[in-house]
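[1] what's the 3D shape of this:
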Amino acid sequence: MTTRLIDSVTITRANIYKGAARVLVDDGTGTFASFPGELETVINPTTYVAAGGLTDLGPTTEDGVTIRREAEIDEGIPVDQRATNLDEGEPESWAMEAETTLLHTDLDTINIAWQAGTKRNISGSVVEQSSLDLDAPTTFTERMAFIVQEDGQNGRMRVFAFRAAVPAVDGSEMNIQGNEATGLPLKLKLRADESIDAGSGQFGKIFEEDA
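    Residues are numbered from 1 along each chain as shown. Below is the predicted model of the structure:
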């Protein structure tokens, strides 16, 4: 039998992840106060119960969750005596973000995604109801954010843990119609913590269950 290049590729199924994400953020009360050192600090890998002080943002659309990482690349220093620029291609700065569309569009979830304002209970009305202020805040609430994934076949779990996330609400749109569930776009700008030493996960960490 003829051997081909593709036959030499080692495929390790345990290293392939296929599974929907679960998006968690700290609830802002300070209950979940410290960045975790292991995945079970975020979620119990057996019972799937999230740690106290975390808010589960619920189901997402079939597009799932996208995590993006990019570097601003230095164009370098042109020098007459060299054919190429000095330091060309080195990173000048880094940026990360996460993006999804949430299907839970209750007031609490809208408030997190849109940095809306204060939620209030209204009493004495014909029906029980609440309201959410749509304010114009001058600062964003910074939260820890966690994206949890488990492969449905082998059961391995990993947690993308981010130290500081703020909503990026520029152009966020909710489409209200009769044929589709109303989705709530969520884009999180993931900030680097400059107080963390380089090499220690300034944006965060990925925790992965061993095979």
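[2] now the strands for this structure?
    21-26, 54-56, 66-73, 91-102, 119-122, 129-132, 143-150, 157-167, 184-191, 204-208 (DSSP state E).
[3] Tell me the gap between the fifth one and the middle of its chain.
    Pointing back at strand 119-122 there. Mean C-alpha position of strand 119-122 versus that of the full chain (C-alpha atoms, centre = their mean, to the nearest Å) differs by 28 Å.
[4] Contacts made by that strand with the rest, please.
    107-108, 111, 129-133 (C-beta atoms under 8 Å, 6 or more residues apart in numbering). Any C-beta I mention is one placed from the backbone N, CA and C, and that applies to glycine too.
[5] go on, stretch 48-68?
    Contacts for stretch 48-68 (C-beta under 8 Å, 6+ apart): 20-27, 29-33, 41-44, 96-104, 108-109, 112, 146-147, 160, 183, 186.
[6] Equivalent analysis for stretch 196-209, please.
    With C-beta under 8 Å, 6+ apart as the test, stretch 196-209 has contacts from 35-36, 38-39, 42, 45, 94, 96, 156-163, 190-194.
[7] And the buried ones among those residues, selectable in PyMOL?
    A single PyMOL command selects the buried members of the contacts of stretch 196-209 (16 or more other C-beta atoms under 10 Å):
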select buried, resi 35+36+39+42+96+156+157+158+159+160+161+162+163+190+191+192
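[8] Take the strands of the chain and lay them out in CSV including distance to residue 8 and mean pLDDT.
    Formatted as CSV, the strands of the chain follow (distance: least, C-beta to C-beta, whole Å; pLDDT from 0 to 100):
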stretch, distance to residue 8, mean pLDDT
strand 21-26, 33, 96
strand 54-56, 43, 97
strand 66-73, 30, 93
strand 91-102, 33, 93
strand 119-122, 58, 95
strand 129-132, 58, 97
strand 143-150, 29, 97
strand 157-167, 28, 97
strand 184-191, 37, 97
strand 204-208, 26, 98
